[in-house]
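Build me a structure from this.
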Amino acid sequence: MLNLLIGPAMDLAKDFIKGKAEEKKAIQQRKLNAIQNDADWENKMADATANSWKDEWFSLILSAPLIAVAYSVAMDDPVVIARMNEAFSALNALPEWYQYLLFIAVTASFGVKGADKLMNLKKGK
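Numbers count the residues shown, from 1 in each chain. Next comes the predicted model:
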């Protein structure tokens, strides 16, 4: 009589445990697929921009203020730093929508990873 009660309960417990294991396996597979899709996307984007000067262009533009400040300090020319401050004030006065478009273009050029963190930094100003 005890076997008649314990047998179905054991089968039910085995099915429950098996279902939980399959659920965890499915979740893990979904995560692996997402990682693979991200890697595939990054490879496609790298191939698409292999002959592009866009990254180099943005690197040069973003390096220009550093070069100007280094020149200003090395040559004892504070006028350059004053002009850089004016330039950044002018850029800051541009419409917000334009600043966001520029931000999107630059982050797309260098890779979108981390763009959300940079956006949160901009919002926290």
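
alpha carbons only for contacts and neighbour counts from here, please
Will do.

Following element in sequence after the helix or strand where residue 39 lies, please.
Remark: residue 39 resides in helix 2-48, with elements defined by DSSP states H and E. Scanning forward in sequence from helix 2-48 by DSSP H and E, the next helix or strand is helix 54-74.

Residues in contact with that following helix: which ones?
By CA atoms under 8 Å, 6 or more residues apart in numbering, the surrounding residues in contact with helix 54-74 are 77-81, 84, 106, 109-110.

will you turn those residues into CSV that also has neighbour count?
Putting these into CSV (neighbours: other CA atoms under 10 Å) gives the following:
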residue, neighbour count
77, 13
78, 13
79, 10
80, 18
81, 17
84, 17
106, 19
109, 19
110, 14
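
ok, of the residues you listed, which one's closest to residue 22?
residue 110 (38.9 Å; CA to CA).

Return the residues in contact with the closest one.
With CA under 8 Å, 6+ apart, residue 110 has these contacts: residue 55.

mind checking how far it is from residue 19?
According to CA to CA, to the nearest Å, residue 110 stands 43 Å off from residue 19.

Ok, residue 80 next?
Distance from residue 80 to residue 19, by CA to CA: 69 Å.

The helix or strand containing residue 82 - contacts with which helices or strands?
Per DSSP H and E, residue 82 falls inside helix 78-92. Counting contacts by 3 or more CA pairs under 8 Å, 6 or more residues apart in numbering; DSSP states H and E, helix 78-92 is packed against helix 54-74.

chain center to the helix it packs on: distance?
23 Å (CA atoms, centre = their mean, to the nearest Å).

what's the answer for stretch 64-79, then?
That offset, for stretch 64-79, works out to 32 Å (CA atoms, centre = their mean).
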